[in-house]
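Asker: Dropping the sequence and predicted coords here.
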There are 2 protein chains.
Amino acid sequence: MRKTSPKPRNAFYAQSGGVTAVINVSAQAVIETCRRYPKVFGKVYAGRNGIIGALTEDLIDTSLEPTANIKALGHTPAGAFGSCRYKLKSLEQNRREYERLIEVFRAHDIGYFFYNGGGDSADTCLKISQLSASMGYPLVAVHVPKTVDNDLPITDCSPGFGSVAKYVAVSMKEAGLDVASMAKTSTKVFVFEVMGRHAGWIAAATGLAAEKSGDAPHIILFPEVVFDPAAFVARVEQVVAKHGFCAIGVSEGIKGKDGKFVSESGLVDAFGHAQLGGVAPVIADLVKRELKLKYHWAVADYLQRAARHIASKTDVEQTYALGKAAVEFAVKGMNGVMPAIKRKSSKPYRWEIIAAPLEQVANHEKKMPRDFITPDGFHITQKCRNYLAPLIGGEAYPPYKDGLPVYARLNNKAVRKKLAPFTIG
Amino acid sequence: MRKTSPKPRNAFYAQSGGVTAVINVSAQAVIETCRRYPKVFGKVYAGRNGIIGALTEDLIDTSLEPTANIKALGHTPAGAFGSCRYKLKSLEQNRREYERLIEVFRAHDIGYFFYNGGGDSADTCLKISQLSASMGYPLVAVHVPKTVDNDLPITDCSPGFGSVAKYVAVSMKEAGLDVASMAKTSTKVFVFEVMGRHAGWIAAATGLAAEKSGDAPHIILFPEVVFDPAAFVARVEQVVAKHGFCAIGVSEGIKGKDGKFVSESGLVDAFGHAQLGGVAPVIADLVKRELKLKYHWAVADYLQRAARHIASKTDVEQTYALGKAAVEFAVKGMNGVMPAIKRKSSKPYRWEIIAAPLEQVANHEKKMPRDFITPDGFHITQKCRNYLAPLIGGEAYPPYKDGLPVYARLNNKAVRKKLAPFTIG
């Protein structure tokens, strides 16, 4: 007598936190892989605007999306289903929200939960993976890693980071050539601000542009190193004397010895309001004041994390592989895990996928090791370079039409609601 | 009896003013084309750091550069020989400099002068083209157009503009998708500052990203339109109400009704010094103050004009064709001209090269026509779109190695000096 297979159950997928150039590659991988296991998965529902979509029963039926659209997610930046910044509190603090999630999951026969995010989201995913035990609702929850900040533990790197790293390295190389051209009679100092409020991974990646002595960037400022204005100014002066110009990569998150963000160190508008954001102008202003040198500064902001046009092929491939692995873990019934990259060698870059328990992922931030930063605190070491270099390897261009990339435009058709409305918070 | 050909004479080439993603394509075209006329041209000498190299007899012998290096200029941004911001005064005001130029040209048998720059440089090139008549030194001077500002008259567009236009359109499209993803719970307003101190061409190009209603950018701020804070804030509010978010492209050169740059409208550091540059934070601050909306802002600065990685193929092709035409004009003895693009049709884009007399080029700035801007002053018209669209057509990727573009590194060997030193100014 044949054993009866369990009935397929639906899957829920949501994007969480800051989006990236490749978070939709995760979505593509999850959806395409689920479609390959029709005996396990029914439909894949995406949360509109992340977990908020689950709480408000605002679900997108991805089964109504043509195959070509799902495939096009593979070259489309940002969050095609919408993301959100919303962290679930603990079960004790907000039991109501967990009960609501279960109500929505039950109403739509959701048995699988794929959460695509960073460290905070891993924590949410962990809590949800415990719903089976804590609230008696059968669910397999798998975290799909994503963060440009590269601060997830265990995994060699985080999906999204390789592409932002490539963007900032290429941009620094190009702008560095520009400044070098102009330095004789004009701009001598260039400051390029990149993301990374707590960890200097992205700032470090600007350092890849310096392939030979004298190449930009000459100085990198990391959040891991206390900013010392006098030492910095002295170094800029030395670099300009030696090379004729100085290019600086700076993390938005650098702090002074008072522990405060340098970006908040005193710029005010005409009305006396503190000006928010932007460490580059502060640094450039310092250079101007102390050294009287002509400067330019750039703040890439969202441009860097949305730059699918210059994504890393390695990043795209890893992101797809991790999304696929997440689904395969779920097929095996592995609950409360995250697929992670394990590096086997750097040159050539070889890696495999392992399962990381969410208890070890959630709320652990991976900062730059001290030996990735030169002793003087102003650049990356060869060890760091060896780590970073393979992550930006290869190009993965989107298709173009009339000079512009052709990015997916999903229909995002809603699943019919079955429940009463719910107010968040 | 055969007529004796005149002896070949050397050519001088210099890069002037702000560099671009494709100014080295001009250099490549000039050098490669000169090499094809050995009976006309001896060597091509490049000025190290532009015209300053001519004044100080700091010449680079491009004949010592391998063919592959010259070819690689075709995919290398910024000025490979160095540029400068230095405008020659009139003959009456500084006869000494013109006499010095002739001394250097004579010492190195320079009979051809190719000057690669924008409007100011066209003026210098015009003055130098008159040296034959004014100071009895036989010389053919041809201007090679270049400027990201796209403000040269007569020509359909300026080399360098198409690539910066493509960069800002692609960046706006990508960042717009990012903001759209985040808007539900986080960033609702995004401000993207681009270059263009006097003309709004680059800001206009961000508008190409808006292919469908609701696409970013929703608002463009041009230097041609007086900035009205109240009208702007009201529009942002409308757009956010309608689309959930608002993306804004802003030219660095917008001015208020007092005629002052908005970027200089009152940001001061902790010591009360005016902060230089950056209209994006000022605009973002205004939005935050008036509408209490969460914002992000980006300033692309040099990144936009150095972004060879996303150059327009059309721009690269036109730039090469113009450099080649400049040399061919010189071969025909045409003095005091600039090759220019004449548009024959927009769709498909067809163009030819004509000769523009420098008297009509120098010191004429081409601003955005009023009918390229919508009546409300906040976006581009279909007419503008038809003009801009072909200029960003096609991709022209540089080669990559280990994840980074491989840009030319020239040897730039100096020509032996023959004259006494000269002090500039």
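Answerer: Okay, I see it.
Asker: could you pull out the helices for chain A?
Answerer: Assigned by DSSP state H, chain A shows helices spanning A:23-35, A:51-55, A:67-72, A:95-107, A:119-129, A:131-135, A:161-182, A:201-206, A:229-243, A:280-291, A:302-306, A:313-331, A:358-361, A:382-388.
Asker: B:Lys89: which of these is closest?
Answerer: In terms of CB to CB, the element of the helices of chain A nearest to B:Lys89 is helix A:161-182, at 21.3 Å. C-beta coordinates here come from the backbone N, C-alpha and C atoms, glycine included.
Asker: how about that closest one, does it get close to chain B?
Answerer: Yes - Helix A:161-182 reaches chain B (CB under 8 Å from any CB of the partner chain) through A:166, A:169-171, A:173-175, A:177-182.
Asker: can you redo these as TSV with pLDDT?
Answerer: Below are these laid out as TSV (pLDDT from 0 to 100):
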residue	pLDDT
A:Lys166	98
A:Ala169	98
A:Val170	98
A:Ser171	98
A:Lys173	98
A:Glu174	98
A:Ala175	98
A:Leu177	98
A:Asp178	98
A:Val179	98
A:Ala180	98
A:Ser181	97
A:Met182	95
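Asker: Compare those and tell me which is most surrounded.
Answerer: Compared across the residues of helix A:161-182 next to chain B, A:Lys166 has the highest neighbour count, 32 neighbours, by other CB atoms under 10 Å in any protein chain shown.
Asker: Among the residues of helix A:161-182 next to chain B, find me the one that's closest to A:Ile70.
Answerer: The shortest gap between A:Ile70 and any of these belongs to A:Lys166, at 24.7 Å (CB to CB).
Asker: Verify the contact between that closest one and B:Asp402 for me.
Answerer: No - A:Lys166 lies out of contact with B:Asp402 (CB atoms under 8 Å); the separation is 10.8 Å.
Asker: Now do the shared contacts for these two.
Answerer: Taking CB atoms under 8 Å, 6 or more residues apart in numbering or on different chains as the contact rule, A:Lys166 and B:Asp402 both touch A:Ile392.
Asker: what about the closest residue in space to A:Pro223 that isn't next to it in sequence, how many neighbours?
Answerer: Distances taken as CB to CB, 6 or more residues apart in numbering or on different chains put A:Gly253 closest to A:Pro223, at 3.7 Å, once the chain neighbours are dropped. Applying other CB under 10 Å, we find 23 residues neighbouring A:Gly253.
Asker: now do A:Thr423
Answerer: Neighbours of A:Thr423 (other CB under 10 Å): 8.
Asker: how much space between it and A:Arg96?
Answerer: Counting by CB to CB, to the nearest Å, the gap between A:Thr423 and A:Arg96 amounts to 10 Å.
Asker: Need the helices of chain A in CSV (columns: distance to B:Val191).
Answerer: Listed next are those as CSV, based on distance: least, CB to CB, whole Å:
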stretch, distance to B:Val191
helix A:23-35, 23
helix A:51-55, 25
helix A:67-72, 28
helix A:95-107, 34
helix A:119-129, 27
helix A:131-135, 41
helix A:161-182, 19
helix A:201-206, 21
helix A:229-243, 28
helix A:280-291, 14
helix A:302-306, 10
helix A:313-331, 28
helix A:358-361, 35
helix A:382-388, 31
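Asker: Pick out the shakiest of the ones you listed, pLDDT-wise.
Answerer: With a mean of 84, helix A:131-135 has the lowest mean pLDDT of those.
Asker: residues making contact with that helix?
Answerer: Against helix A:131-135 from outside (CB under 8 Å, 6+ apart): A:Leu91, A:Tyr98, A:Glu99, A:Leu101, A:Ile102, A:Tyr137, A:Pro138, A:Leu139, A:Ala141, A:Asn335.
Asker: okay, now the domains of chain A?
Answerer: Chain A breaks down into these domains under automatic domain parsing: A:9-147+A:311-362+A:396-405, A:161-306.
Asker: who's in contact with A:Gly47?
Answerer: A:Gly47 touches A:Phe12, A:Tyr13, A:Ala14, A:Gln15, A:Gly53, A:Ala54, A:Asp58, A:Leu59, A:Ile60, A:Phe81, counting by CB under 8 Å, 6+ apart.
Asker: and the third one, what are its bridge partners?
Answerer: Okay, so that is A:Ala14. Taking DSSP bridges as the rule, A:Ala14 bridges to A:Tyr115.
Asker: gap between it and A:Trp297?
Answerer: 36 Å.
Asker: what do you get for the second one?
Answerer: Distance from A:Tyr13 to A:Trp297, counting by CB to CB: 39 Å.
Asker: How about the fourth one?
Answerer: Between A:Gln15 and A:Trp297 the computed distance is 31 Å (CB to CB).
Asker: between the two, which one's more packed in?
Answerer: Using other CB under 10 Å, the more surrounded residue of A:Gln15 and A:Trp297 is A:Gln15, with 32 against 26.
Asker: Figure out which of the helices of chain A is closest to B:Asp315.
Answerer: Of all these, helix A:161-182 sits nearest to B:Asp315, with 15.3 Å by CB to CB.
Asker: And the closest one, what does it pack against?
Answerer: Other helices and strands packing on helix A:161-182, by 3 or more CB pairs under 8 Å, 6 or more residues apart in numbering or on different chains; DSSP states H and E, are strand A:189-194, helix A:201-206, strand A:246-251, strand A:295-299, helix A:302-306, helix A:313-331, helix B:302-306, strand B:404-405.
Asker: The ones you listed into JSON lines, with extra columns for distance to A:Ala284?
Answerer: Converted to JSON lines, these look like this (distance: least, CB to CB, whole Å):
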{"stretch": "strand A:189-194", "distance to A:Ala284": "5"}
{"stretch": "helix A:201-206", "distance to A:Ala284": "16"}
{"stretch": "strand A:246-251", "distance to A:Ala284": "9"}
{"stretch": "strand A:295-299", "distance to A:Ala284": "4"}
{"stretch": "helix A:302-306", "distance to A:Ala284": "18"}
{"stretch": "helix A:313-331", "distance to A:Ala284": "30"}
{"stretch": "helix B:302-306", "distance to A:Ala284": "12"}
{"stretch": "strand B:404-405", "distance to A:Ala284": "25"}
